[in-house]
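Colleague: Turn this into a model:
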Amino acid sequence: MAEAGRRPSLGERHRRIIRELVAQRIAGDILFSDDIGKAMRKWRRYFGLKQSELARLLGVSASVISDYESGRRKSPGAVVLRRFVEALLDEDERRGSQITRRLAQAAGIASILPSLVDIRELSVPVYVRDFVKLIDGVLLVPPPGRRLIHGYSIIDSIRAIETLSGSDFMMLFGASTERALIFTQVSTGRSPMVALRVFDVRPPLVVVHGPRPEKIDGLAKRLAEIMKVGFAVSLVEDVSELAERLRSSL
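Modeller: Below is the predicted model of the structure:
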């Protein structure tokens, strides 16, 4: 974790992105398993932890872990599952992060790292208009209704266009498309909206960073209206400041 008041280095930024994406994959595997308890046991063993060791990390008794894994206790909610995954990754980090790196390599995460400034799932979702205020945004096209944002991805649009395949591009969206997609190094906003139209991805909010609101291409706004997607411009001057503001505020 970066110290307060200090921007993370490229290595630190990549480590936290890798951790976030690996955490999403583990949580997704557990949630979509036919037997959640067995899936939790599989991942505990994969990370080389005994029930007693995991229980200590979570601050519960070993019998609680046993009950989850055997199905005697009802499936964990989102908060418990998040703590479970974080405990696995925390312990692996203390041991040198070898398993996390292995999982990242197997998932092909390295190919998208240059295109990601940051990515995160939120423990508590926020409304689009509240998110826009947080990033000093101007909402040019409001989404229909009061849509919630469950995560965000900050994307270097130039690197994404130059280096990513279609499947790689979809990995930028994280665990859910119910998120804010923030595109940096944008001149008019047209390219991101055309890409989303092609892939038929309709997040609650698309944010572009770079142009002033008056420089936004009319087609970008029109596509947002057609797709019923919120569309905003962030006026935060520096991308690193934008990323750290979101990290510290949400």
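Colleague: Please name the residues that touch Asp67.
Modeller: By Cβ atoms under 8 Å, 6 or more residues apart in numbering, the contact set of Asp67 is Arg73. Backbone N, C-alpha and C define where each C-beta goes, glycine included.
Colleague: That one belongs to a helix, doesn't it?
Modeller: Yes. Counting by DSSP: H, G, I helix; E, B strand; the rest coil, Asp67 is part of a helix.
Colleague: Would you check how far apart it and Arg45 are?
Modeller: Separation of Asp67 from Arg45 (Cβ to Cβ, to the nearest Å) stands at 17 Å.
Colleague: Same check on Gly59?
Modeller: 21 Å.
Colleague: Which residue of these two possesses the greater neighbour count?
Modeller: Arg45 (12 against 9; other Cβ atoms under 10 Å).
Colleague: Quick check: which element contains that one?
Modeller: helix 36-46 (DSSP states H and E).
Colleague: Report the mean confidence score over that helix.
Modeller: Average pLDDT, helix 36-46: 96.
Colleague: what's the angle between the following helix or strand past it and helix 36-46?
Modeller: Sequence-wise, the next helix or strand downstream of helix 36-46 (DSSP H and E) is helix 51-58. Helix 51-58 runs at 100 degrees relative to helix 36-46, counting by axes from the mean of the first three to the mean of the last three Cα atoms, to 10 degrees.
Colleague: Ramachandran angles for the residue most central in space within the chain?
Modeller: By Cα atoms, centre = their mean, the chain has its centre lying nearest to Arg120, at 2.9 Å. When quoted as degrees, to the nearest 10, the phi and psi of Arg120 stand at phi -160, psi 150.
Colleague: ok, it - contacts?
Modeller: Residues in contact with Arg120, defined by Cβ under 8 Å, 6+ apart, are Glu20, Gly151, Tyr152, Gly174, Leu246, Arg247, Leu250.
Colleague: Which residue, other than its chain neighbours, is closest to the first one?
Modeller: The one in question is Glu20. Ile119 (5.5 Å; Cβ to Cβ, 6 or more residues apart in numbering).
Colleague: sec struct for that neighbour, please.
Modeller: strand.
Colleague: Kindly state the beta-bridge partners for it.
Modeller: In this entry, Ile119 is beta-bridged to Ser153, by DSSP bridges.
Colleague: what about the chain, any weak spots by pLDDT?
Modeller: For the chain, the stretches flagged by pLDDT under 70 are 1-7, 10.
Colleague: now the helices: where do they sit in it?
Modeller: Secondary structure of the chain (DSSP state H): helices at 10-31, 36-46, 51-58, 62-70, 78-94, 98-107, 128-134, 157-163, 166-171, 190-199, 218-227, 239-249.
Colleague: can you redo those helices as JSON lines with distance to Leu140?
Modeller: Converted to JSON lines, the helices of the chain look like this (distance: least, Cβ to Cβ, whole Å):
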{"stretch": "helix 10-31", "distance to Leu140": "28"}
{"stretch": "helix 36-46", "distance to Leu140": "42"}
{"stretch": "helix 51-58", "distance to Leu140": "45"}
{"stretch": "helix 62-70", "distance to Leu140": "46"}
{"stretch": "helix 78-94", "distance to Leu140": "33"}
{"stretch": "helix 98-107", "distance to Leu140": "35"}
{"stretch": "helix 128-134", "distance to Leu140": "10"}
{"stretch": "helix 157-163", "distance to Leu140": "17"}
{"stretch": "helix 166-171", "distance to Leu140": "24"}
{"stretch": "helix 190-199", "distance to Leu140": "11"}
{"stretch": "helix 218-227", "distance to Leu140": "6"}
{"stretch": "helix 239-249", "distance to Leu140": "18"}
